[in-house]
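1. Provided below for reference: sequence and predicted model.
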Amino acid sequence: MQLALFEPDIPQNLGAFIRLSACLDVPLHIIEPCGFPVDDKRMRRASMDYYDLATLVRHASWAAFQRDRPGGRLVLLTTAGAVPLPQARFEADDILLLGRESAGVPADVHDAAGLRVRVPLKKGARSLNVALAGAMVLSEALRQTSGFQDLA
């Protein structure tokens, strides 16, 4: 199981994902450009002392990610997803892809996903914070694929 962030634009959410990646031992791919300056110092500050525990892979663009990414199905978390989270079936080598907080992902990224999952919400609610949605879906994906077994 892996996480991928498409052009994140809120540094605090990137920090939350780095911490999530570190704590659950799930690699995190950062697909640039980001909507804020990204360097080791800023990422270290946002992720506190979890930076060195995380496995981070930076990609200069969507094209670079597509070229260099590991195998496995792309699972897009999107408010436009056809499959509600309780019905989604995950595979151990899935890459959970999350879009920009401000704009989601463009159509070509949507089209590249093998599965599009949405978290069901109360009527009238627009969306969850991307880091919260990512944590919810990652947790369910790890549960389904026995991904918690090697953790303390």
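-> Nice, thanks for sending it over. None of the values given here were measured: they were computed from a predicted structure.
2. contacts and neighbour counts: CA atoms only from here.
-> Will do.
3. against Gln87, how distant is Thr55?
-> Distance, Thr55 to Gln87, using Cα to Cα, to the nearest Å: 29 Å.
4. show me what contacts the nearest residue to Glu91 once chain neighbours are set aside?
-> Leaving aside its chain neighbours, Glu91 sits nearest to Thr145 (6.3 Å; criterion: Cα to Cα, 6 or more residues apart in numbering). Thr145 makes contact with Phe90, Glu91, Ala92 under the criterion Cα atoms under 8 Å, 6 or more residues apart in numbering.
5. check contacts around Val119.
-> Per Cα under 8 Å, 6+ apart, neighbours of Val119: Leu77, Thr78, Thr79, Pro84, Leu85, Ala133, Val137.
6. what is the fourth one paired to in the beta sheet?
-> Read it as Pro84. Arg118 (DSSP bridges).
7. if we can go back for a sec, the more surrounded of Thr55 and Gln87?
-> Each of Thr55 and Gln87 has its neighbours counted (other Cα atoms under 10 Å); Thr55 has more, 15 against 9.
8. contact partners for the more buried one?
-> Ser21, Ala22, Asp25, Val26, Pro27, Leu28.
9. read off the pLDDT value for Arg44.
-> Arg44 is assigned 62 on the pLDDT scale.
10. then Gly35?
-> Value listed for Gly35 in the pLDDT field: 83.
11. over to it: give its phi and psi.
-> Backbone geometry at Gly35, expressed as degrees, to the nearest 10, gives phi -80, psi 20.
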